[in-house]
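Q: My questions concern the predicted model and sequence given below.
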Amino acid sequence: MKNTHRSFRLVCAPKQVADVEALLQAEGFSFHGEEFFDGARVLTGEPIPLGRSLAARFGYIYIQDKSSMLPPLALAPARDAVVLDLCASPGSKTGLLSQLVGPGGMVLANEPSPDRLATLRANMRHLGCFNVATCRYEGQRLPLREGAWPWILLDAPCSGWGTVEKNPAAARMWSGKKTVPLEVLQRELLRKAAALLAPGGRLLYSTCTTNRRENEDQVRFAVDHLGLAVTELPPFAGFSFAPSLPGCLLVDGAGSAAQGFFLACLTRPGEDAVEEENSFPPLPGAIVSSAQFRARTGLDSGPPSPHEFLCTGGRAYLILEKARRLFPETLRWQGFGVGKAAGASLSVDPALRLFVPPEPDGGALVLDEVPPIHALLSGQSMPSGGTGGRRAMYYRSLPLGFLTVKGNRCLWSDR
Ligand SMILES: C[S@@+](CC[C@H](N)C(=O)[O-])C[C@H]1O[C@@H](n2cnc3c(N)ncnc32)[C@H](O)[C@@H]1O
């Protein structure tokens, strides 16, 4: 068993923490908590790669350097807030933002690269982040209302000098003057973010580099040319910080057993803006209400916040009412993919735990040990017991997904 400094984040409700930890411990993993965030864990024993653990397989943990958890925590969006994540893939920070704003909040996650956008969407689906909508734009050209976004994360493309321990190529690839195009792009993104920021709003600028030209110089640019002010960030427990601009944080990677990272919180002076709302622009597909969804699938329709479903291109997407109210008609965006749609039929992806009842009922399969879960994942079947072609599966009280019932057997199939 090897010891590492790798860290991960729990992706679950507070009442599920004990079960997620038990699931990890049952497979032999050991870890400890961190003071800066109650969802962070540092791995101390890894009998198999953590990415192959059941907890990771079912989206209850996300492997993430602890420095990378800081930008959402430093932005500190309010519960139920709406956040714009300008440069989002693969979604490490989007996922944490989604947790911080909670089921009543929403994140609009933008990523211009088609491949990376696909990764972002797959990660959000896997983690059950139904309150994340995604879009594909160069951030500097996002067609959003100016002055309307109270919370923005700009985790900018950067030279990655803070990650050289893991990625030695970064230092070679982005040496000397080679970072100039990145610096130009960072300024364009900062200019756009400043324009989108609501009066009184917070913009968190972060990079995983230690390059002054991409960090402190960009903050000076935002203050001198974009009318923003630096709001002091308090240091996070368990990290050590290198000297930087007053109020900004430059994580000392070696001293923190983490990646080097830079964080600056910028605010636009003024009072909170009043949210402008749309009159529900039409969506490109068939709308299924939550009552119709229940009737067609036999499932509870998911999140507590008002929503409906859009069926288009053979897929069904959960659409939060909030998104329809706030996003301008010109924005092309996608809701949370929930399954397949063909004509009037709608089938939910069996691995989506969002639709598994929070408490097991009499027909559910509740497993207290991991070997039967491994057996099911490797294709073995079990006697059935569910109804309606599926049976909810739990580890203790953790929803894992739906088994497919075939005759008098049930089996795991996540297609
Ligand atoms: C540092 S990474 C973001 C990491 C991400 N926030 C996370 O925590 O997983 C920067 C991202 O910006 C994207 N990007 C590149 N050019 C961009 C642009 N013009 N506008 C918005 N995003 C851009 C890159 O494709 C990359 O995915």
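A: Now that the structure is in, tell me what you want to look at.

Q: contacts and neighbour counts: CA atoms only from here.
A: Noted.

Q: The ligand contacts on the stretch 51-200 of the chain?
A: 86-93, 111-113, 138-139, 155-157 (Cα under 6 Å from any ligand atom).

Q: Give me the subset of those lying in helices.
A: Among those, the ones falling in helices (DSSP state H) are 92-93.

Q: what helix or strand is the spatially most central residue of the chain on?
A: In the chain, the C-alpha nearest the mean C-alpha coordinate belongs to residue 95, at 1.4 Å (Cα atoms, centre = their mean). Element membership for residue 95 (DSSP states H and E) is helix 92-101.

Q: Hmm, residue 266 is touching residue 231, no?
A: Yes. Counting by Cα atoms under 8 Å, residue 266 touches residue 231, with 5.8 Å between them.

Q: So between the two, which is more surrounded?
A: Between residue 266 and residue 231, counting by other Cα atoms under 10 Å, residue 266 is the more crowded of the two (26 against 17).

Q: so who does residue 293 touch?
A: Residue 293 makes contact with 299, 301, 309, 346, according to Cα atoms under 8 Å, 6 or more residues apart in numbering.

Q: so what does the helix holding residue 95 touch, helix or strand wise?
A: The contact analysis (3 or more Cα pairs under 8 Å, 6 or more residues apart in numbering; DSSP states H and E) places helix 92-101 against helix 70-75, strand 82-85, strand 106-110.

Q: hey, what's residue 263 bridged with?
A: residue 206, residue 249 (DSSP bridges).

Q: Enumerate every residue touching the residue nearest to the centre of the chain.
A: 124, 127, 129.

Q: so which of those residues would you say is closest to the ligand?
A: Taking Cα to the nearest ligand atom as the measure, residue 124 is the one of the contacts of residue 95 closest to the ligand, at 10.9 Å.

Q: who touches that closest one in this structure?
A: The contact partners of residue 124, by Cα under 8 Å, 6+ apart, come to 91, 95, 130, 132, 336.

Q: Now for those, which sits with the most neighbours around it?
A: Tallying neighbours with other Cα under 10 Å puts residue 132 at the head of the contacts of residue 124, with 29 neighbours.

Q: Check what pLDDT it gets.
A: Per-residue confidence (pLDDT) for residue 132: 98.

Q: does it really touch residue 96, like I thought?
A: No. Residue 132 lies out of contact with residue 96 (Cα under 8 Å); the separation is 10.8 Å.

Q: which residues do the two both contact?
A: With Cα under 8 Å, 6+ apart, residue 132 and residue 96 have no common neighbours.

Q: now that we're looking at the closest residue to residue 246 other than its chain neighbours, how far away is residue 42 from it?
A: Leaving out its chain neighbours, the residue that sits closest to residue 246 by Cα to Cα, 6 or more residues apart in numbering is residue 232, at 7.4 Å. The gap separating residue 232 from residue 42 is 27 Å, by Cα to Cα, to the nearest Å.
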